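**Q** following is a predicted model, sequence given first.
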There are 2 protein chains.
Amino acid sequence: MDERVREHAEVLVDWSARVEAGDNVVLSVGPDAHELAVAVAECLGERGANLLATYSSGEVTRAYLRAHDGDFDEDPAHELAVVEQADVYLSLGGGRNTSATADVPTETRQAYNSARAGIRETRLGTRWMSTVHPTRSLAQQANMAYEAYQEFAYDAILRDWGSLADEMDRLKRILDAGSEVRLVSIDTDLTMRIDDRTAVNSAASVAYDSHNLPSGEVFTAPYATDGEVTFDVPMTIRGESVRNVRLEFDEGEVVEFDAEQGARVIEEVLETDDGARRLGELGIGMNRGIDRYTDNILFDEKMGETVHLALGRAYDANLPDGESGNESAVHVDLITDVSEGSRLEVDGEVVQRNGRFRWEDGFENA
Amino acid sequence: MDERVREHAEVLVDWSARVEAGDNVVLSVGPDAHELAVAVAECLGERGANLLATYSSGEVTRAYLRAHDGDFDEDPAHELAVVEQADVYLSLGGGRNTSATADVPTETRQAYNSARAGIRETRLGTRWMSTVHPTRSLAQQANMAYEAYQEFAYDAILRDWGSLADEMDRLKRILDAGSEVRLVSIDTDLTMRIDDRTAVNSAASVAYDSHNLPSGEVFTAPYATDGEVTFDVPMTIRGESVRNVRLEFDEGEVVEFDAEQGARVIEEVLETDDGARRLGELGIGMNRGIDRYTDNILFDEKMGETVHLALGRAYDANLPDGESGNESAVHVDLITDVSEGSRLEVDGEVVQRNGRFRWEDGFENA
């Protein structure tokens, strides 16, 4: 076995999920994530945790959903019971075809997801983590050769997370103390309020309220957004290519938009509900192990020298206790490159210029 | 998809497990049983059942068990909860290597199984079924080419089960009414009592107390065995080849044994406990779709024109209510060919001669 697969498993089990003896662990395994599942199982055995492996296959789901009449039972008891009794839920993504469920009707998918709201909520109450095994299908989606993709993925995953967490904490403290963020970049000049909001230091560990591996971003929940922003990082949203989306905000709400490509899907997102026209997240990518876009949001939004904003639902972790933030059925991330011609200000002070943070070498001349 | 995979799925879901709308179904999927899992998922969607897929991989289990210190938690709550809430449990066997767990220490495996007794018992209380997807690894174990093995497996699985159930019912009624069975064959002359025992018509359906697909045998729980028997069907038991085992019984108990090959493992079995020296099962194979030995007990013991006897534990289904039969930690099947020089008598009447039953054409001249 590739030594990097073992290291990935160890990071996931120890740093990310903080697994201990006696923990009831659900391991959700994608069909091509088998090798990572073997490595994680070995770690779980060593730690004395209890392992239950589930099978997460797009093809199985597609067959089931397409055959079903769409009238789904609510929170089936056997599925609910598993997450209720789980301490830790580790999702190992890795299928054979990222478009495996492309022909499942949207209404069927939505009905299925709605019927499982209780299961989803309960799972979010566990120490849950999502990661992916670098597969050929993800390499293809990234337009990369398989071995090159493996190197890319492990550079992103096998960081010195403790030291990145320390660095991200600097930005978190600045955001927690600040009231207004201004992002200036090519075709972008946007201000957002962040008073009373708490930034999350997303260091790929449940100990940091962070549930993705890789992670490496600091995010908060902005409001009262004004100005315009252009997202120049190419993405696929709901199966469609999206390029150079431009949004104009007034008093927190999108008042105009266009896109070089994918305007239709952006319109669809914006029309979901009121919350879909407001921001739910401002995230600042700080994982320099991620050095290119691979059309996979798990990686792209954490890329160093990028900033992302999400239309839709805000995360509770950013809000004062008991307060609810922007509510919406969607949470759609859009990403902009800030490596050139850019600056990020908090209360008028420049925190990042052309991709360099003010505590980094080269900030002065950036 | 091969149409036979779909037919296999339909037999499993409808004839075998009698799945209905609203059933909570656990689908345990072997790594190479993916295609069958897709077909079963489609059937479950059509029936409106609720699907939870689990992943059953020998390699994952091996990694976990070898890394564990052997002090396993008893019936982990998340695993137990799944089977407690399941109506139906479908196991789709199919790995990549039938020896995947060969180097797991026996004590570890036993400790793991002992710690899961409650989970196992609960699973046996569901409408459970075991089947296999014909994989390359099973073809290899059978010494067969892959396509030839597929044909073999589907001949065994895709029977007219209703009509076979009717035929097997004839034998069941004879055994239920009988008191003594005598098996005479090459190097074999054995008598067993079956008073008060109920034969199971194992027609590959939970409606018949039958949990294997393929099945096709009638079995009961004999006692007071006397005489000698030779098992000429080659088998692998606990990883070791076993050939021409001869057992001699006196008053129900094995008093002498030898074997052309594998005597050591037979000795190990016999020494497990008192019950291991007594019979727990007499089974009569009636699936003529199975026409060769493939070193897989799921198929071999159901082969037409064979009889098998098991050392060890008897099944409750054969016993009067509340009565316990032969008890043992083991249940080890051994098989003998009855196609030539053989007869099976119940209370002195010949029921099967040289493989032909008395209701079949050719019985008189067999």
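**A** Now that the structure is in, tell me what you want to look at.

**Q** and the residue of the stretch 51-200 of chain A closest to chain B?
**A** Closest to chain B within the stretch 51-200 of chain A is A:Ala67: 3.1 Å, counting by C-beta to the nearest C-beta. The way it works is simple: take the backbone N, C-alpha and C, and place the C-beta from them, glycine included.

**Q** now do the contacts for that residue.
**A** For A:Ala67, the contact set (C-beta atoms under 8 Å, 6 or more residues apart in numbering or on different chains) comprises B:41-46.

**Q** what confidence value was assigned to it?
**A** We have a pLDDT of 98 for A:Ala67.

**Q** also within reach of chain A: list those from the contacts of A:Ala67.
**A** Among the contacts of A:Ala67, the residues lying close to chain A (C-beta under 8 Å from any C-beta of the partner chain) are B:41-46.

**Q** isn't A:Val11 right up against A:Leu213?
**A** Yes - proximity of A:Val11 to A:Leu213 meets the contact threshold set by C-beta atoms under 8 Å, at 6.7 Å.

**Q** which neighbours do those two have in common?
**A** Shared contacts of A:Val11 and A:Leu213, defined by C-beta under 8 Å, 6+ apart, are found at A:157, A:204.

**Q** of those two, who's got more company?
**A** The neighbour count for A:Val11 versus A:Leu213, taken as other C-beta atoms under 10 Å in any protein chain shown, is higher for A:Leu213 (26 against 22).

**Q** quick check: that one touching A:Leu12?
**A** Yes - contact criterion C-beta under 8 Å: A:Leu213 and A:Leu12 qualify, at 5.7 Å.

**Q** list the contacts of the residue of the stretch 201-350 of chain A found nearest chain B.
**A** For the stretch 201-350 of chain A and chain B, the shortest gap (C-beta to the nearest C-beta) falls at A:Val206, measuring 17.4 Å. If you count contacts by C-beta under 8 Å, 6+ apart, A:Val206 has them with A:16-18, A:127-129.

**Q** now do the helices in chain A.
**A** A:3-10, A:34-47, A:58-67, A:77-85, A:106-115, A:117-124, A:136-141, A:146-157, A:161-177, A:263-270, A:297-300 (DSSP state H).

**Q** so who does A:Glu7 touch?
**A** Under the criterion of C-beta under 8 Å, 6+ apart, the contact partners of A:Glu7 comprise A:154, A:158.

**Q** now it: how far from chain B?
**A** Distance, A:Glu7 to chain B, using C-beta to the nearest C-beta, to the nearest Å: 15 Å.

**Q** out of the ones next to chain A among the contacts of A:Ala67, the closest to chain A would be?
**A** Closest approach to chain A among the ones next to chain A among the contacts of A:Ala67 (C-beta to the nearest C-beta): B:Gly45, at 3.1 Å.

**Q** verify the stated contact: the closest one with A:Leu65.
**A** Yes - counting by C-beta under 8 Å, A:Leu65 is a contact partner of B:Gly45 at 6.5 Å.

**Q** compute the number of surrounding residues for A:Tyr154.
**A** A:Tyr154 has 19 neighbours, counted by other C-beta under 10 Å.

**Q** check A:Glu79 too.
**A** 23.

**Q** is it true that A:Gly289 touches A:Pro214?
**A** Yes - using C-beta under 8 Å, A:Gly289 makes contact with A:Pro214 at a distance of 7.0 Å.

**Q** mutual contacts of those two, please.
**A** Taking C-beta under 8 Å, 6+ apart as the criterion, A:Gly289 and A:Pro214 both touch A:156-157, A:159.

**Q** ok, and the most crowded of the residues you listed?
**A** Highest neighbour count within those: A:Ile157, with 26 neighbours (other C-beta under 10 Å).
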